[in-house]
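Colleague: for reference, the sequence and a predicted model appear below.
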Amino acid sequence: MTVAGLTGLVARMAQRCTLLVRTVADDGAGGTVESWADGRTFDAAVSATGPTNAMQLAGRPDAVAQCTMTCPLGTALVLHDRVRCADGRTLRVMSEAPARHTPGVASFAFERYECEEVADA
């Protein structure tokens, strides 16, 4: 099974994701208003790398749900990009992919990003 550059188990776990584009506008009172609009879409497999249960996270104010996003090679996300997944979660990219991709000689190609879940997008 192949999904937009992903194969095998990664393709089976893939979901449609949308890159969110940040815009900042003047609020008319000397400040700014931040908003997020839909950008390009891509397929990615998202898997948890830490606690995701609200009860596990509730007692720790610095805790956030963390995950790994596996994308087709060339997805080109950058640090602090925001991505909305088909399952409803919004993720902030916390790593960059230049050193986190399959070697050129591999029979499959993907890149991986460490992410954290955000609630304010």
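Modeller: Sure thing, it's come through. Numbering: from 1, shown residues only.

Colleague: what strand or helix carries Arg12?
Modeller: For Arg12, the host element (DSSP states H and E) is helix 8-13.

Colleague: mind checking the pLDDT average for that helix?
Modeller: The average pLDDT for helix 8-13 rounds to 72.

Colleague: helix or strand right after it?
Modeller: Sequence order places strand 14-26 as the next helix or strand after helix 8-13, per DSSP H and E.

Colleague: paired strands for that next one, with orientation please.
Modeller: strand 32-48 (antiparallel), strand 82-85 (antiparallel) (DSSP bridges).

Colleague: can you list those strands in CSV and add mean pLDDT?
Modeller: CSV is the format used below for the strands paired with strand 14-26 (pLDDT from 0 to 100):
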stretch, mean pLDDT
strand 32-48, 92
strand 82-85, 96
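
Colleague: in JSON lines, list the ones you listed along with mean neighbour count and distance to Ala76.
Modeller: For the C-beta atoms, the positions are set from N, CA and C on the backbone; glycine is no exception. Output for these, formatted as JSON lines (neighbours: other Cβ atoms under 10 Å; distance: least, Cβ to Cβ, whole Å):
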{"stretch": "strand 32-48", "mean neighbour count": "15", "distance to Ala76": "10"}
{"stretch": "strand 82-85", "mean neighbour count": "21", "distance to Ala76": "12"}
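
Colleague: so who does the residue lying closest to Ala25 once chain neighbours are set aside touch?
Modeller: Spatially, and ignoring its direct neighbours in sequence, Ala25 is nearest to Val33 (5.2 Å; Cβ to Cβ, 6 or more residues apart in numbering). Contact analysis of Val33 by Cβ atoms under 8 Å, 6 or more residues apart in numbering lists Val24, Ala25, Asp26, Asp27.

Colleague: could you check how far Val33 is from Val24?
Modeller: Note on Val33: its distance to Val24, by Cβ to Cβ, to the nearest Å, is 7 Å.

Colleague: so what's Asp26 bridging to?
Modeller: Here Asp26 sits in beta bridges with Thr32, going by DSSP bridges.

Colleague: how far away is it from Leu20?
Modeller: Taking Cβ to Cβ, one finds Asp26 at 21 Å from Leu20.

Colleague: quick one, which of these two is more surrounded?
Modeller: Leu20 (19 against 9; other Cβ atoms under 10 Å).
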